[in-house]
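Q: Provided below for reference: sequence and predicted model.
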Protein chains: 2
Amino acid sequence: MADEKTVRVGLLGFGTVGGAFAEVLAAHKDARVRITHVFNRGVDRKRTHARAAFLSRDVVWTERVEDVLEAEDVDVVVELMGGLDPAAGWIRAALGAGKHVVTANKQLIAYRGAELFALAAEKGVQLRYGAAVAGGVPVIPGITQGLNGDVITRISGIVNGTCNFILSSMEGGAQYSDVLAKAQTAGYAEADPSTDVDGFDARAKLCVLARLALYAEIDPEQVPTQTIATISAVDFAYAKELGCTVRQVSRAALTDGVVSANVGPMLVPKTSPLAWSRGTQNMVVTSGRFGGDVVFSGHGAGGHPTAVAVMSDVRAIAEGSAQVRLPAKKMKVVGDVVAPHYLRFVVADRPGIVAAIAGALAKVGANIDSILQHRGFAGDRLPFVVTTEPSMSSWLNEALWEMAGFDFMLEPPLCLQILVVDDKDTD
Amino acid sequence: MADEKTVRVGLLGFGTVGGAFAEVLAAHKDARVRITHVFNRGVDRKRTHARAAFLSRDVVWTERVEDVLEAEDVDVVVELMGGLDPAAGWIRAALGAGKHVVTANKQLIAYRGAELFALAAEKGVQLRYGAAVAGGVPVIPGITQGLNGDVITRISGIVNGTCNFILSSMEGGAQYSDVLAKAQTAGYAEADPSTDVDGFDARAKLCVLARLALYAEIDPEQVPTQTIATISAVDFAYAKELGCTVRQVSRAALTDGVVSANVGPMLVPKTSPLAWSRGTQNMVVTSGRFGGDVVFSGHGAGGHPTAVAVMSDVRAIAEGSAQVRLPAKKMKVVGDVVAPHYLRFVVADRPGIVAAIAGALAKVGANIDSILQHRGFAGDRLPFVVTTEPSMSSWLNEALWEMAGFDFMLEPPLCLQILVVDDKDTD
């Protein structure tokens, strides 16, 4: 490694990931990368944190972000604060000042990526975000560097560790509310779990991936999300009978120039790699026209795995390794999807229920594939399941709307997409 | 994408991969990459092949490799001939002439990598080989670009599709010889299957990965290999009883500056991702100190997946994206491994067999973990199994050597390493 020059890093945020980044950097003993500045609120507290010992003594601690953004001796700004604002303004300022930026901020890339990439290109600097999706799993570099030679038509993934922890625990018999509480205690889930369980975190990550894999710049707000909060133990029992489990899946596909995308709990066949993921594991499957399905999986979140991705980006910049630029164009999202669906009803049993449901489905042209009803439930609160042949989700929603009004229906019906596994052997 | 310049490709080899590369390139309609030369024997036949239609009319067909290596209008030489010689000389000549090289040749990188990387660095050009391991699965770019921030301590993988096809078919009940014949008919296996089934192909790939993941330059000849040809149906039955299956695994680990590595059939717990691989799928698992286990899987071989990896490398060069250079140093390989082992014996039943075997194991300090003997086998040809607690493989081999001489032993005992799954949740 000849003619090395030290890359000086200004760190915005010294929390879990920032501290882990300092530790990972120290472990590498890489003389090419040095943290010169740390911005955080309450630096007096932060500088006494155990992980501050991984920083050099002459690091500049500051509570004024300008001290980092305007520093002459900062080449790379590493943004680990998260959120859209004020992070976006800071990154804009850093790029504007000719500094490279490495961020783990998926919301920022999903909502403001296009503008920030353009600014980085204009300034001749890099904006890297390998940690924005699946943390320590190199999905972003893998797609960018290793799959740009394919024509990817579909991505599907488990990209929210909290939801996967909850659903894979429920698969093992736990109740939603108990396992959510446990995840909150363990620090996997926020006090307000909505960002995770309602799919907004996963949706931002899906949009980041759609740009790289499908070359589609899509508006996160156009991607329909469905909460996992309505999934109950009985759904896992029925899913099992159908050879499936339930996972929060984020999927997008490009067909004839149209992007279809959605996020929510789905039935995943046990033969799909997505069914293998356990605990907080992340997994992304890309489907390419030439290379078939490629699976990436591992620990998506947490300080250390995320720090690995950040560190890899910083080292790439230190090496002078430019990114492969991929084209991307603005595209509209179709939230509608044609797929087999799982419908779960909770009813007060009486004659004529199946006929009523079948009638509502027939009205929208949806064919029933199977009807499942386990023994052992009380007739006054009977859960049972109907699966459909591939049907348009918007038509099913119309039928569900009608069915929700039936007098025997004790809860709004639950409708989940069933994933279809169709990876073919390639030649 | 401003200031683009066309990258002109000289192709060495227009077989399955070369033809697929032309097809993939044509599908991309990427004006930045153009094939200008094709070298192959028998060009008159090649130029009438269906996939020749994907080339432009003015491509230069030649049977003289110098026409490509010395061409002024070739920027990147893509080598798809395979084998050590004459490929090494061609690549040396291309690099020497200041051309970038993209190759799918794992033997070349495993045996001559160090010399060729040095030459490329000296000439300021790139030598890329993303297709050398796991074809269309971006393991090489994933590790290089996305995991260089971790400290990887272990890699294990299924990197030979032929062996995986054979063993996963045997798991489904097929006989070794039948499924080998089937693989040969399907074109997955060569007429002489030794390179695949005896582990030499996988070993070269393991050495390529060891350089990137463990920064260890190891001599393939020092890595012990074991054939899969001695695996039989009964091993799958016993493995199942142990919660495992059998796969050809290539593994290397770095502990206290020492590389331990070996290739061969191993017992893989069903809880390991390696047990999920089916058919010709490849899978690589890296274990990092900070990021934990990361899994890559997909279609490793075949024209199209391999062409995707080649195309990705060529596009990276066209983009001016330099590689992240990773350090690597020459290291000795220790073939010995401390692990639990599976020993399968075929004996003529008589009293005292277990005592004799237990005695031989005790002599080398190996503790027995379990003894398994299925009903339903004839006593004059009885297969049974002993598993050991973690033991040094060389000591076990000593014991096996003694046991092979026992009069009741009808076949040389089979000894397989049992993989241990220990991925921890990271914080």
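A: On my side now, so go ahead.

Q: other SSEs contacting the longest helix seen in chain A?
A: Taking DSSP state H as the assignment, the helix of chain A that covers the most residues is helix A:106-123. With contacts defined as 3 or more Cβ pairs under 8 Å, 6 or more residues apart in numbering or on different chains; DSSP states H and E, the packing partners of helix A:106-123 are helix A:87-96, strand A:127-128, helix A:200-213. Using the backbone N, CA and C atoms, a C-beta is placed for each residue, glycine as well.

Q: Could I get the average pLDDT for it?
A: Throughout helix A:106-123, pLDDT has a mean value of 96.

Q: Equivalent analysis for stretch A:85-97, please.
A: 97.

Q: just the CA coordinates of that stretch, formatted as PDB?
A: Extracted C-alpha coordinates of stretch A:85-97, given in PDB (Å, rounded to 0.1, in the frame of the first residue of the first chain):
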ATOM      1  CA  ASP A  85     -33.800  17.100   9.900                       C
ATOM      2  CA  PRO A  86     -31.500  18.500  10.800                       C
ATOM      3  CA  ALA A  87     -29.400  15.700   9.300                       C
ATOM      4  CA  ALA A  88     -30.200  16.600   5.700                       C
ATOM      5  CA  GLY A  89     -29.000  20.200   6.200                       C
ATOM      6  CA  TRP A  90     -25.800  19.000   7.800                       C
ATOM      7  CA  ILE A  91     -25.100  16.500   5.000                       C
ATOM      8  CA  ARG A  92     -25.900  19.200   2.400                       C
ATOM      9  CA  ALA A  93     -23.400  21.500   4.100                       C
ATOM     10  CA  ALA A  94     -20.700  18.800   4.300                       C
ATOM     11  CA  LEU A  95     -21.000  17.900   0.700                       C
ATOM     12  CA  GLY A  96     -21.200  21.500  -0.300                       C
ATOM     13  CA  ALA A  97     -17.900  22.000   1.500                       C
END
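
Q: Now find how far off-centre that stretch is within its chain.
A: 24 Å (Cα atoms, centre = their mean, to the nearest Å).

Q: what residues does the stretch 251-400 of chain A put near chain B?
A: By Cβ under 8 Å from any Cβ of the partner chain, the residues of the stretch 251-400 of chain A that approach chain B are A:273, A:276, A:279-280, A:288-299, A:302-305, A:307-316, A:319-325, A:327.

Q: which stretches of the stretch 101-250 of chain A aren't confidently modelled?
A: Within the stretch 101-250 of chain A, the set of residues satisfying pLDDT under 70 is empty.

Q: can you give me the strands for the stretch 201-350 of chain A?
A: Secondary structure of the stretch 201-350 of chain A by DSSP state E, counting those that start in this stretch: the strands cover A:216-217, A:244-255, A:258-269, A:281-288, A:292-299, A:329-330, A:333-334, A:338-339, A:341-347.

Q: Tell me which strands the fourth one pairs with, and in which orientation.
A: Note on strand A:281-288: by DSSP bridges, its sheet partners are strand A:152-158 (antiparallel), strand A:292-299 (antiparallel).

Q: out of the helices and strands packed on helix A:106-123, nearest to B:V263?
A: B:V263 lies closest, by Cβ to Cβ, to one member of the helices and strands packed on helix A:106-123: helix A:200-213, at 33.0 Å.

Q: show me what contacts the closest residue to A:M331 other than its chain neighbours?
A: Of all residues not flanking A:M331 in the chain, A:A216 sits nearest, at 4.4 Å (Cβ to Cβ, 6 or more residues apart in numbering or on different chains). With contacts defined as Cβ atoms under 8 Å, 6 or more residues apart in numbering or on different chains, the neighbours of A:A216 are A:A210, A:A252, A:L254, A:V259, A:A328, A:K329, A:M331.

Q: Scan the residues you listed and report the most crowded one.
A: A:A210 (27 neighbours; other Cβ atoms under 10 Å in any protein chain shown).

Q: Quick check: it touching A:A252?
A: Yes: if you go by Cβ atoms under 8 Å, A:A210 and A:A252 touch, sitting 4.8 Å apart.

Q: For those two, list the residues in contact with both.
A: Shared contacts of A:A210 and A:A252, defined by Cβ under 8 Å, 6+ apart, comprise A:I155, A:A216, A:I218, A:V259, A:A261.

Q: so what pLDDT did the last one get?
A: The reference is to A:A261. On the pLDDT scale, A:A261 gets 97.

Q: And it, how close does it get to chain B?
A: Note on A:A261: its distance to chain B, by Cβ to the nearest Cβ, to the nearest Å, is 22 Å.

Q: distance of the closest residue to that residue other than its chain neighbours from B:L414?
A: Closest residue in space to A:A261, ignoring its immediate chain neighbours: A:A252 at 3.8 Å, by Cβ to Cβ, 6+ apart. Taking Cβ to Cβ, to the nearest Å as the measure, A:A252 falls 47 Å from B:L414.

Q: again with A:D256
A: Counting by Cβ to Cβ, the gap from A:D256 to B:L414 is 54 Å.

Q: Of these two, which one has the most company?
A: A direct count of neighbours by other Cβ under 10 Å for A:D256 and B:L414 places B:L414 higher, at 20 against 4.

Q: Thought B:D235 was touching the more buried one, still the case?
A: Yes: using Cβ under 8 Å, B:L414 is in contact with B:D235, at 7.1 Å.

Q: who touches both of these two?
A: Both B:L414 and B:D235 are contacted by B:Y342, B:R344, under the criterion Cβ under 8 Å, 6+ apart.

Q: Look up how far A:E411 lies from the residue of chain A positioned farthest from its centre.
A: Most distant residue from the mean C-alpha position of chain A: A:P351, 43.6 Å away (Cα atoms, centre = their mean). The gap separating A:P351 from A:E411 is 20 Å, by Cβ to Cβ.

Q: measure the residue nearest to A:A261 to B:V308 for me?
A: Distance of A:A252 to B:V308, given as Cβ to Cβ: 20 Å.

Q: Over to A:E79?
A: A:E79 is 33 Å from B:V308, by Cβ to Cβ.

Q: quick one, which of these two is more surrounded?
A: The neighbour comparison of A:E79 against B:V308 (other Cβ under 10 Å) goes to B:V308, with 36 against 27.

Q: surely that one meets A:T286?
A: No: applying Cβ under 8 Å, one finds B:V308 not in contact with A:T286, separated by 10.8 Å.

Q: what do these two both touch?
A: Jointly contacting B:V308 and A:T286 under the rule Cβ under 8 Å, 6+ apart are A:L147, A:D150.

Q: isn't A:I218 right next to A:G335, touching?
A: No: counting by Cβ under 8 Å, A:I218 sits too far from A:G335 to count as a contact (10.8 Å).

Q: So which of these two has more stuff around it?
A: The neighbour count for A:I218 versus A:G335, taken as other Cβ under 10 Å, is higher for A:I218 (22 against 15).

Q: quick one, what contacts the more buried one?
A: Taking Cβ under 8 Å, 6+ apart, one finds A:C207, A:A210, A:R211, A:A252, A:V259, A:A261, A:K330, A:M331, A:K332, A:V333 in contact with A:I218.

Q: Show me where the stretch 51-200 of chain A has its helices.
A: Along the stretch 51-200 of chain A, counting by DSSP state H, counting those that start in this stretch, helices occupy A:66-69, A:87-96, A:106-123, A:139-141, A:161-171, A:176-186, A:194-197, A:200-213.
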